[in-house]
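Visitor: Predicted model, plus sequence, below.
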Amino acid sequence: MTGNDCKKDKEYIKDRRPLRRPGLAAFSLLLVFIMTMGIFLVLPAPIGAITLKELGNAIAKLDSEQEKLLEEIVASETMVAARKNEIESLGSDLETLQRQLDELARQKEEMAKDIDKKKNLLADRMIFTYKYGNNDVAKFIISARNLNEIVNNLFLFKNIMSREAELIQLLRYEKEEFDRISRKSEEKILEIEVTRASMEEEKVKLERDIAENQVLLDQLKGEEKEVQDILSAIKSRIADIQPAGMTLAGEWTLTATAYYAFGSGGNDINGNGITATGLRARKGIVAVDPRIIPLGTKLFIPGYGEALAADTGGWIKNDRIDLCFESLEECFRFGRRKIRVYLVED
């Protein structure tokens, strides 16, 4: 860090003075640790985890999401298989119905021939009736040579008329039956086609859901691996720096600056040296953004030592941290740098 940079830091330190809150009682509460880490994950949600416990919980949550997706994929695949079987069954129904329609067409052809015969017979009878109609019928009956012949002629005429009526009724019945069967067959074909189209559409949707869930599952697996790698890397770094008698449980990567603690002369760049928590500034006291690191949090900083988040500052936002030193020389030597800060577990 250059001399000019240090001057800038001096101005920055002066700017922080109004945010210190003299008169606050010494801190007595250890706030619940909350920190959001910049891991941009798609599903199920961005993981706000930095402590080892939170990372472990994030992995467990991802496992649960994967299990849920697997269940949905299996359920969808089962439904697709069921729909395929139903569609195949409908295909068989259509084949059966088509055979029935072919048989119906054959019957229709035979019925048409039969109807033609009956129509011809009816025409012959109508001709006979016409021939002996009106007065001719009376003449036909009266011309009989005796009563027995009259009775026979009357019976013959009645029989002819009765058969004509029966033939007309039979023709009407056959036509109605043929129309009914044809109409029912057409309705059945339409019903099967509509049902099959609906099932095809549902099958396509299910297959699309399977594909989408598979994509999400692959994403979750990638996210889990990423979190596992982060957790493994943090554990490895903690193992390398683990101080005696202290348990480290989390990690931040922050941009650090330095400021000079209040000196014995009573007239330096740090004002009255009282922090936002009411403690006097000294080495081991650091200024943080309370939204990231709650005030009162115990920390360990490699190359600096144990620290306490006990101060704030106008420039200390987001990933910034300000370390207090007891001499201006130390402040110059430290300058501005990226550091890893570790959470100390109580």
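Guide: Looks like it came in fine.
Visitor: Give me the three-state assignment for Leu254.
Guide: Under DSSP: H, G, I helix; E, B strand; the rest coil, Leu254 falls in the strand class.
Visitor: Settle this for me: it is touching Arg320, isn't it.
Guide: Yes - counting by C-beta atoms under 8 Å, Arg320 is a contact partner of Leu254 at 6.6 Å. (Each C-beta comes from the backbone N, C-alpha and C, glycine too.)
Visitor: and the two? which has more neighbours close in?
Guide: Ranked by neighbour count (other C-beta atoms under 10 Å), Leu254 and Arg320 place Leu254 first, with 22 against 17.
Visitor: Check the burial of Glu306 by counting its neighbours.
Guide: Applying other C-beta under 10 Å, we find 13 residues neighbouring Glu306.
Visitor: Which residues outside the helix or strand hosting it are in contact with it?
Guide: Following DSSP states H and E, one finds Glu306 within strand 305-311. By C-beta atoms under 8 Å, 6 or more residues apart in numbering, the surrounding residues in contact with strand 305-311 are 20, 27, 246, 275-277, 279, 281, 284-288, 290, 293-301, 322-324, 341, 344.
Visitor: and the residues you listed, which are buried?
Guide: 20, 27, 275-277, 279, 281, 284-288, 290, 293-301, 322-324, 341, 344 (16 or more other C-beta atoms under 10 Å).
Visitor: Pop the domain breakdown of this protein in here.
Guide: The chain breaks down by automatic domain parsing into domains covering 3-30+244-345, 68-221.
Visitor: Report the contact partners of Ile316.
Guide: Ile316 makes contact with Arg16, Ala287, Val288, Asp289, Asp322, according to C-beta under 8 Å, 6+ apart.
Visitor: So which of those are in strands?
Guide: Taking DSSP state E as the definition of strands, the contacts of Ile316 contribute Ala287, Val288, Asp322.
Visitor: now, which of those sits nearest Glu166?
Guide: Taking C-beta to C-beta as the measure, Val288 is the one of these closest to Glu166, at 107.7 Å.
Visitor: tell me the contacts of the closest one?
Guide: Neighbouring residues of Val288 by C-beta under 8 Å, 6+ apart: Leu295, Thr297, Ala309, Asp311, Thr312, Ile316, Arg320, Ile321, Asp322.
Visitor: One more pass at 10 Å, please.
Guide: Contact analysis of Val288 by C-beta atoms under 10 Å, 6 or more residues apart in numbering lists 252, 254, 276, 294-295, 297, 299, 307-313, 316-317, 320-322, 341.
Visitor: For it, give the beta-bridge partners.
Guide: Ile321 (DSSP bridges).
Visitor: any idea how far Glu329 is from it?
Guide: As judged by C-beta to C-beta, to the nearest Å, Val288 and Glu329 stand 24 Å apart.
Visitor: What's the mean pLDDT across the host helix or strand of Ile234?
Guide: For Ile234, the element it lies in under DSSP H and E is helix 147-241. On average, the pLDDT along helix 147-241 is 80.
Visitor: which secondary structure elements does it contact?
Guide: On a contact count with 3 or more C-beta pairs under 10 Å, 6 or more residues apart in numbering; DSSP states H and E, helix 147-241 meets helix 52-131, helix 135-142, strand 247-260, strand 298-301, strand 337-345.
Visitor: averaging pLDDT over each of these, which comes out lowest?
Guide: helix 135-142 (a mean of 59).
Visitor: Pull up the gap between Lys205 and Ser89, please.
Guide: If you go by C-beta to C-beta, the gap between Lys205 and Ser89 works out to 20 Å.
Visitor: again with Glu330
Guide: Noted for Glu330: a distance of 83 Å to Ser89, by C-beta to C-beta.
Visitor: Quick check on those two: which one has the bigger neighbour count.
Guide: Glu330 (15 against 12).
Visitor: packing partners for the helix or strand containing the more buried one?
Guide: Assigned by DSSP H and E, Glu330 belongs to helix 328-334. For helix 328-334, the packing partners by 3+ C-beta pairs under 10 Å, 6+ apart come out as helix 3-16, strand 247-260, strand 320-325.
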